[in-house]
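Enquirer: Okay, here's the prediction I keep looking at, along with the sequence it came from:
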Amino acid sequence: MDLPRHFVERERHHRIHNPIDATKLATLGAALRLPAGATVLDLACGSGEMLCTWARDHAIQGTGVDLSSAFVESAQKRAAELGVGGAVRFVQGDAVGYVADEPVDVASCLGATWIGGGAEGTVALLRRSVRPGGMLLVGEPYWRRTPDDEVVASFGVAPDEWTDLPGLVARFGELGCDLVEMVLADKDSWDRYVAAQWLTIRRFLDAHPDDELAPQFREELATAPLYHVRYQREYLGWGVFALMDR
């Protein structure tokens with residue numbers, strides 16, 4: 001089992017597969033005040049940038065799990081590049097249902113709460129790996145502006161699947177969690193995540209005009225920029241929320 005090829009090719013050059021840039025990722029790492037030696041499990045870790053940079057900057061130890069063999073390979077190379085290969089390891093596999101062998105200080109899932117069927121299920125999954133008094137990190141979208149039916153339909157979600165930021169914070173409280181920190185994406189963060197895909201797609205099309213992905217990518221490049229500026233960066237917020245059980 002592996003991640004679909006179109007997703008891997010689209011984000012092949014990304015180090016962070018979410019709308020959070022390197023500065024905000026560093027801000028989050030500092031804000032959590034993790035002691036040296038803290039253990040972190042990151043489910044759907046992508047290319048491992050969070051674990052690798054936090055191992056370098058905060059001396060954490062971590063395990064990342066991701067479905068993409070290409071992203072896991074990138075994570076391993078990044079760990080070697082930063083000299084933290086002894087502190088972090090990366091596992092290619094399905095994060096759905098993954099539980100750490102030993103309780104960790106921080107259990108994380110950023111931008112892939114589908115692994116638990118949504119935020120509630122993902123919180124429940126992360127709880128199975130975190131020690132008492134530990135921390136959960138959840139990356140989740142929310143509406144920046146109140147959407148009409150057309151906007152909701154454009155994202156392909158159910159009308160009640162996402163809420164606004166106060167609603168999301170309230171939802172975490174209903175799950176028995178204290179929200180103890182958060183770092184939110186801004187429009188520039190969205191641009192760096194989404195717009196960077198367009199150049200990758202264009203270079204792919206130039207190099208592989210007859211590839212089976214070419215028609216899909218050609219259509220995407222023709223439509224994705226307008227969709228992004230009309231809907232995504234205007235309506236959709238995203239953040240990483242640090243939670244502790246009450």
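Expert: Yes, it's here.
Enquirer: any idea of the mean pLDDT in stretch 204-223?
Expert: Averaging pLDDT along stretch 204-223 gives 98.
Enquirer: quick one: terminal-to-terminal distance for it?
Expert: Using Cα to Cα, to the nearest Å, the end-to-end distance of stretch 204-223 comes out at 17 Å.
Enquirer: now it: how far from the chain's centre is it?
Expert: Here the centre of stretch 204-223 is set off from its chain's centre by 25 Å, with Cα atoms, centre = their mean, to the nearest Å.
Enquirer: again with stretch 61-70
Expert: 12 Å.
Enquirer: Repeat that for stretch 237-246.
Expert: Chain-centre distance of stretch 237-246: 13 Å, with Cα atoms, centre = their mean.
Enquirer: for the residue lying closest to Ala112 once chain neighbours are set aside, what are its contacts?
Expert: Using Cβ to Cβ, 6 or more residues apart in numbering and skipping the chain neighbours, the partner closest in space to Ala112 is Ala44 (3.4 Å). Bear in mind the C-beta positions are built from the backbone N, C-alpha and C, glycine included. Ala44 makes contacts with 65-67, 95, 109-112, 115, as judged by Cβ atoms under 8 Å, 6 or more residues apart in numbering.
Enquirer: From Gly62, how far out is Ala44?
Expert: To Gly62, Ala44 is 14 Å away according to Cβ to Cβ, to the nearest Å.
Enquirer: what's the overlap in contacts for those two?
Expert: Here Ala44 and Gly62 have no joint contacts, going by Cβ under 8 Å, 6+ apart.
Enquirer: residue farthest from the centroid of this protein?
Expert: Most distant from the centre of the chain: Asp210, at 31.4 Å, with distances by Cα atoms, centre = their mean.
Enquirer: and it, how far is that from Arg218?
Expert: Distance, Asp210 to Arg218, using Cβ to Cβ: 12 Å.
Enquirer: Next: Tyr98.
Expert: Separation of Tyr98 from Arg218 (Cβ to Cβ) stands at 36 Å.
Enquirer: With neighbour numbers in mind, choose between the two.
Expert: Comparing Tyr98 with Arg218 by neighbour count (other Cβ atoms under 10 Å), the higher total belongs to Tyr98, at 20 against 14.
Enquirer: That one and Leu43 touch, don't they?
Expert: Yes: the criterion here is Cβ atoms under 8 Å, and Tyr98 meets it with Leu43 at 5.8 Å.
Enquirer: in the one helix or strand in the chain whose mean pLDDT sits lowest, what's buried?
Expert: Sorting the helices and strands of the chain by mean pLDDT, DSSP states H and E puts helix 149-155 at the bottom, at a mean of 91. Judged by neighbour count (16 or more other Cβ atoms under 10 Å), helix 149-155 contains these buried residues: 151-152, 155.
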